[in-house]
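Engineer: sequence and predicted structure below; questions after.
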Amino acid sequence: MPIRKVSFEETLLRSVVEPRLCVGCASCVISCPFNCLEYSSGGPELISECKMCGICAQVCPRFNTSLSSLERFVFGRERNTTEEFGVYRRILVAQTSSDDVRMVCQDGGLVTSLLIFAIEKGIVNGAAISGKSSDEPLKAVPKLALSRNDILECAGTRYTYSPNLLALKEGVQNNVGKLSFVGTPCQIHAVRKLQMLPLKKYADAISFTVGLFCSESFTYNGLIKSFFQERMGIKLGEVSGINIKGKMILRMKDGEVKAIPLRDVKEYSCTFCRACPDFSAELADISAGGLGLEGWTLTVVRTEVGDEIVSEAESKGVIKTKPLEDKRLIDLLIKMSRRKREVQGGFIH
Ligand SMILES: Cc1cc2nc3c(=O)[nH]c(=O)nc-3n(C[C@H](O)[C@H](O)[C@H](O)COP(=O)(O)OP(=O)(O)OC[C@H]3O[C@@H](n4cnc5c(N)ncnc54)[C@H](O)[C@@H]3O)c2cc1C
């Protein structure tokens, strides 16, 4: 694809950052060949004169993104009208077979189990994922995981935004080798744009992607600091986990469970999420979500690469799987996907 000679200011600053559509994924920052961009306060900041190579605009998930051309790139075809949550090969529910994963995972531990399996089998050398900030444990931070322990430490969901592409950059810079990538739908869009361009150093490094279903992310200062800490008086160090199952459920270390209606936290959702058309990470190799299930991960296997990993993990007993028999879950998946597409901002077509 020819690269137009346009500046960061004319493209991303004007059409994405200033209108507050930037998701803060860092794809522009990690792609700038001249290191003109720095990741600062959740987005790109121009730190030296833009050389107008235009690459940052080519990899931004919020700038001139054509879902149809990304689908053709990933699947070799566009979805048909019945494929409401994107192209896929099979759909199932999955659960880890490992006790140590079960103790720390968010839903069924499918994601953590696959990442560990891939690293232990030598399919990848590392994983670009999200971990916990060491001083603020409810804050998501990008993490380059290189071992089973690293991956276990990152299990579970933080509902604040984590620019996992920064971990991808770290892996590539350090010549780690093949990497798996986990991220929200917007981050999967960015990764696919990097691969499609292609930016070879990233395209060559990525082995497979796992996309997380996502209704929205929340701001750390809003949800965690203002609401949990200040308004509810919650000691953040006492929270052992957060999940969303119709309500926001906070599990405390002493066993107490607090259920918060989603309408009470709505104001803390990231504004940029309101323009996102993708609920189920429709461009990932494997997509994973909880969708109201307890102890199982709803798993959408979309590509051949994804199918190989899931099938091998199934056959080696790393994960247990069941067909998705409850039609209500499919209906819910369709409903969530439609809802997101209806609010999309028009920058994806
Ligand atoms: C912001 C956000 C919103 C979500 N919203 C929904 C939803 O509305 N409905 C739904 O069904 N599912 C949602 N999910 C997905 C769900 O929470 C689980 O991640 C998914 O079901 C996989 O469960 P698991 O037990 O297999 O994952 P685990 O084995 O626990 O692994 C989770 C993986 O997610 C990574 N991760 C954690 N936090 C983040 C983050 N903030 N950004 C990127 N990566 C992260 C971790 O590094 C880990 O590798 C959301 C996830 C996120 C991050």
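Structural biologist: In hand now; what should we look at?

Engineer: pull out the buried positions in stretch 247-266.
Structural biologist: Of all the residues in stretch 247-266, those buried under the rule 16 or more other C-beta atoms under 10 Å are 248, 250, 260, 265. For the C-beta atoms, the positions are set from N, CA and C on the backbone; glycine is no exception.

Engineer: now for those, which pair is the farthest apart?
Structural biologist: Maximum pairwise distance among the buried residues of stretch 247-266 (C-beta to C-beta): 10.7 Å, between L250 and V265.

Engineer: which pLDDT does the model give S27?
Structural biologist: The model reports S27 with a pLDDT of 98.

Engineer: low-confidence regions, the protein specifically.
Structural biologist: Along the chain, the model assigns pLDDT under 70 to residues 1-4, 344-349.

Engineer: what parts of it come near the ligand?
Structural biologist: 105-112, 129-130, 140, 154-160, 162, 164, 182-184, 212-215, 217, 244, 288-291, 297 (C-beta under 6 Å from any ligand atom).

Engineer: mind running it again at 5 Å?
Structural biologist: Within reach of the ligand by C-beta under 5 Å from any ligand atom, the chain has these residues: 105-107, 109-112, 129-130, 140, 154-159, 162, 182, 212-215, 217, 288-291, 297.

Engineer: so which of those sit within helices?
Structural biologist: Mapping those onto helices (DSSP state H) picks out 110-112.

Engineer: reformat these as CSV; add distance to E10.
Structural biologist: Listed next are those as CSV, based on distance: C-beta to C-beta, whole Å:
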residue, distance to E10
L110, 42
V111, 38
T112, 42
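
Engineer: shouldn't I242 be within a strand?
Structural biologist: Yes: counting by DSSP: H, G, I helix; E, B strand; the rest coil, I242 falls inside a strand.

Engineer: list phi and psi for the closest residue to it other than its chain neighbours.
Structural biologist: The spatially closest residue to I242, leaving aside those adjacent along the chain, is L250, at 5.6 Å (C-beta to C-beta, 6 or more residues apart in numbering). Torsion angles at L250 (phi, psi; degrees, to the nearest 10) stand at phi -100, psi 120.

Engineer: so L250 touches E238, yeah?
Structural biologist: No: applying C-beta atoms under 8 Å as the test, L250 and E238 come out as separate, 9.5 Å apart.

Engineer: and L138, what helix or strand is that in?
Structural biologist: Secondary structure assignment for L138, by DSSP states H and E: no helix or strand.

Engineer: now for it: which residues touch it?
Structural biologist: 132, 158, 160, 220, 224, 228, 236, 239, 242 (C-beta atoms under 8 Å, 6 or more residues apart in numbering).

Engineer: ok, now how distant is it from the ligand?
Structural biologist: According to C-beta to the nearest ligand atom, to the nearest Å, L138 and the ligand sit 10 Å apart.
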